[in-house]
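Asker: show me how the following folds:
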Amino acid sequence: MINPDPIIKIQNVNFKYESTPILKNVNLTFKRGGFHLIIGPNGGGKTTLLNLILGLKTPSSGSILINNSSPKEHRSKIGYLPQALAFDPMFPLSVKEFVLMGSLSQLKWYGTWPKTVKQKADTLLDSVSMADFKDQQIGSLSGGQRQRASMARALMNDPDILLLDEPTTGLDIQAFSFIQKELIRLKGQKTIIMVSHMIADVIDEVDDITSVQCEIEKIAKQTVCNHYKLGMYHMKDK
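Answerer: Coordinates of the predicted model:
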């Protein structure tokens, strides 16, 4: 159920790389427990917006508050599912070890995980139908299997907020369907903010839509027309 109080408040945020503006005068709120869709053309600033919410980037001006604190202070309660994993496929890391990395803050100084944390990793792997792969190397998995494991990792700290950056891009139909159903299951339990071009596949489930093209624009669901669903946007001057 959506709480009317915003969990994220973004006020007068600007961000630029050197002299190039990426985001201009962003004023945006995300309601607690909502399923929020972010759309926009490639290079429009969508991933940058997610990085600002994560606290991985700092606004050039303006402010971002999550539960009335800075993103960095709240980072442990944000789960993040990127479009694709950047890792060395030859690195000897099991699927379970990969999922456990979602709770690095709970790793003991002598290099072991608490029993409860390992049990939670097993439970989450089972919930995403990856229990049979837990001892397999993460680099040996298919793209869809890696996204399932990534979903488990993103949920390890029981996050308040789940950020997803094009989580279904390039997946086969089975993996796509699984991620879609998992997000529907989590709706109302987490605040979900998802960047996606697959508008037609999620529009019935999301609570609101924001277009990001350097500036932002809220779009009413009933007015989303076919050119948006096909990924076509009117390019704004930066």
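Asker: ok, residue 93 to residue 140 distance?
Answerer: For residue 93, the distance to residue 140 under the criterion C-beta to C-beta, to the nearest Å works out to 11 Å. For glycine as for every other residue, the C-beta is placed from the backbone atoms N, C-alpha and C.
Asker: those two: who's more crowded?
Answerer: For residue 93 against residue 140, the residue with the higher neighbour count under other C-beta atoms under 10 Å is residue 93, and the figures read 16 against 11.
Asker: which strand or helix spans residue 23?
Answerer: Element membership for residue 23, per DSSP states H and E: strand 20-31.
Asker: quick one: low-confidence parts of this protein?
Answerer: Counting by pLDDT under 70, the ranges of the chain that qualify are 1-4, 84-89, 225-238.
Asker: and the strands in it?
Answerer: Per DSSP state E, the chain has strands spanning 6-17, 20-31, 35-39, 61-66, 78-81, 161-165, 191-195, 208-213, 215-219. These are given in chain order.
Asker: how about residues contacting the third one?
Answerer: Spelled out, it's strand 35-39. Under the contact criterion C-beta atoms under 8 Å, 6 or more residues apart in numbering, strand 35-39 has outside partners 30, 46, 49-50, 183, 187, 191-197, 199, 202-203, 205-212, 219, 228, 233.
Asker: which of the residues you listed are buried?
Answerer: Those of these that meet the buried threshold are 30, 46, 49-50, 183, 187, 191-197, 199, 202, 206-212, 219, 228, 233, by 16 or more other C-beta atoms under 10 Å.
Asker: gap between the two ends of stretch 54-67?
Answerer: In stretch 54-67, first residue to last residue: 13 Å (C-alpha to C-alpha, to the nearest Å).
Asker: alright, that wraps it up for me.
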